[in-house]
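J.: next input, structure requested:
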Amino acid sequence: MNLSSITNEEISHPNEFSLAKEIASISYRSILTNAKGLLTKIYITENQLLDGYITNVLSDYFVFYSPVYKTMFISSHHLKWLTLYKQNVTPYTLSKEALSVNSSNTPLCHSWEEQLKKLEGNLVVFDIGKDSDKIGLLKKVEDSLIELVTANGETMYLTLTHIKSVHVP
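T.: The predicted structure follows:
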């Protein structure tokens with residue numbers, strides 16, 4: 001949310017859909033929940049912009065479906081902003097038939113750490129693969145530490161709180 005620099009005393013009503021529609025109080029979780037199923041652009045960090053749909057909102061992360069990356073898990077702590085597209089717009093002008101918002105076969109867990117534990121044994125891409133040291137076989141998640149084996153067989157240890165997004169290719 002931004003504070004408007006316009007000091008006009010008259011406030012006009014928006015003519016487009018609002019995430020705050022019929023909400024008694026605005027909260028981070030209510031905004032994410034109300035954005036479910038709507039085409040959004042989200043900014044995570046470090047030029048990580050994603051277009052797609054929020055499909056589930058959990059305690060400290062949410063599930064995001066991107067036509068490019070498919071099902072992604074995004075830490076709520078790293079979401080900087082989200083913007084709604086106009087209604088009846090589909091990403092990349094895909095037809096609604098071609099754009100099938102498929103949910104992952106991975107069962108959803110309540111917390112970010114538990115969700116990543118469910119992905120142990122899978123090839124994962126952290127933070128959209130911007131850094132090759134964040135792509136590999138997820139060996140273990142324990143005590144907020146991630147053990148990841150990269151393509152060259154090197155074992156990397158990452159701090160769970162620094163991971164912004166994950167998807168399974």
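
J.: CA only for contacts and neighbour counts going forward, please
T.: OK.

J.: go ahead and confirm N56 touches V63.
T.: Yes. Applying Cα atoms under 8 Å as the test, N56 and V63 come out as touching, 5.0 Å apart.

J.: which of those two has more neighbours?
T.: When N56 and V63 are compared on other Cα atoms under 10 Å, the one with more neighbours turns out to be V63, at 24 against 18.

J.: and that one, bridged to which residues?
T.: Applying DSSP bridges to V63 gives these bridge partners: N56, F73.

J.: check it and give its pLDDT.
T.: As summarised for this prediction, V63 has a pLDDT of 96.

J.: just the terminal-to-terminal distance for stretch 65-76.
T.: One end of stretch 65-76 to the other measures 15 Å (Cα to Cα, to the nearest Å).

J.: now do it: distance to the chain's middle.
T.: 5 Å (Cα atoms, centre = their mean, to the nearest Å).

J.: quick one: the strands in the chain?
T.: If you assign secondary structure with DSSP state E, the strands in the chain sit at 39-43, 49-57, 61-66, 70-75, 81-84, 123-126, 135-142, 145-149, 155-159, 165-167.

J.: CSV for those strands, including distance to I26?
T.: Formatted as CSV, the entries for the strands of the chain read as follows, by distance: least, Cα to Cα, whole Å:
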stretch, distance to I26
strand 39-43, 18
strand 49-57, 16
strand 61-66, 18
strand 70-75, 20
strand 81-84, 15
strand 123-126, 30
strand 135-142, 34
strand 145-149, 33
strand 155-159, 31
strand 165-167, 25
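
J.: list the contacts of stretch 110-120.
T.: The set of residues external to stretch 110-120 that reach it, using Cα atoms under 8 Å, 6 or more residues apart in numbering, is 58-61, 75, 106-109, 137-142, 144, 160.

J.: please repeat the previous calculation with a cut-off of 7 Å.
T.: L58, S59, D60, Y61, S75, L108, C109, L138, K139, K140, V141 (Cα atoms under 7 Å, 6 or more residues apart in numbering).
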